[in-house]
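K.L.:
I'd like to go over a predicted model; first the sequence, then the structure.
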Amino acid sequence: ALLSAFLAGAAASAILFLAQIIVGAEALDFRNNPAFRLPPHYGRGFALFPEVSTFAAHATIAFAAGLALVLHRETTPQRRRRIVLLISLLAACLVLSRSTTVLVCLPPLVALALARTTRASANTLILAAAVVLCFAASLIVFLQSFYIERLETNAATRSASMRLASILGGLTPLASGEVFGVGIGRNEAIGLRAHEIARS
């Protein structure tokens, strides 16, 4: 139920993202306070999130989850067809987002989806090779057609560095066990830690 709700939310967000590109982000922004309205951002939509890269991160996770479901042996044919439509929609949104998150986050998540859902055999090797080739071709098209403007400036390098730092920062609790400086599961220590930081 959680996975289905997550994918349904991704579909709704992708549809709204494309609608904002077609109609214009400002036309679909319901807020009446100009200070909090979404500014035009290189012709990109914002979907259900306040920033393009946030949408791209969630769409990337949903794309990888959908790919894993498509490749999974226990997925029914009817559900597989629905998920193929969803990941096709998400792929179009990710290309149009022109976000560095696509380049930084999508390759390892696609590799993880392949690793978790395929076993070593001739058929799965051919399938994995086909997926990788399609994915590589899509990234090349993305770089040459949609991302070239950002490569011409320092925006691409700066954005990639920020994404990598975010990923490494998010993964550190898995290695160190640290959350808020007190460790995973030690919720009772968070208040004391916050008090110590405030005093210092």
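P.N.:
Nice, thanks for sending it over.

K.L.:
Beyond the helix or strand encompassing Gln20, next helix or strand please.
P.N.:
Using DSSP states H and E, the element containing Gln20 is helix 2-23. Downstream of helix 2-23, the next assigned helix or strand under DSSP H and E is helix 52-71.

K.L.:
Now that following helix: buried residues?
P.N.:
Under the neighbour-count criterion of 16 or more other CB atoms under 10 Å, helix 52-71 has 52-53, 55-71 buried. For every residue, glycine as well, the C-beta is placed using N, CA and C.

K.L.:
picking that back up, give the other helices and strands that the helix holding Gln20 contacts.
P.N.:
helix 52-71, helix 77-97 (3 or more CB pairs under 8 Å, 6 or more residues apart in numbering; DSSP states H and E).

K.L.:
6 Å - rerun?
P.N.:
For helix 2-23, the elements it packs on are helix 77-97, judged by 3 or more CB pairs under 6 Å, 6 or more residues apart in numbering; DSSP states H and E.

K.L.:
Can you mark which positions in the helix it packs on are buried?
P.N.:
Applying 16+ other CB under 10 Å to helix 77-97 flags 83, 86-87, 89-91, 93-97 as buried.

K.L.:
what does the following helix or strand past that helix contact?
P.N.:
For helix 77-97, the following helix or strand on the C-terminal side (DSSP H and E) is helix 100-117. With CB atoms under 6 Å, 6 or more residues apart in numbering as the test, helix 100-117 has contacts from 53, 56-57, 60, 64, 67-68, 71-72, 94, 128, 135, 159-160, 163.

K.L.:
Check which element follows helix 100-117 along the chain.
P.N.:
With DSSP H and E, the next secondary element past helix 100-117 is helix 122-141.

K.L.:
Could you tell me the average pLDDT over that next one, please?
P.N.:
Averaging pLDDT along helix 122-141 gives 73.

K.L.:
same thing with stretch 165-178?
P.N.:
Averaged over stretch 165-178, pLDDT sits at 66.
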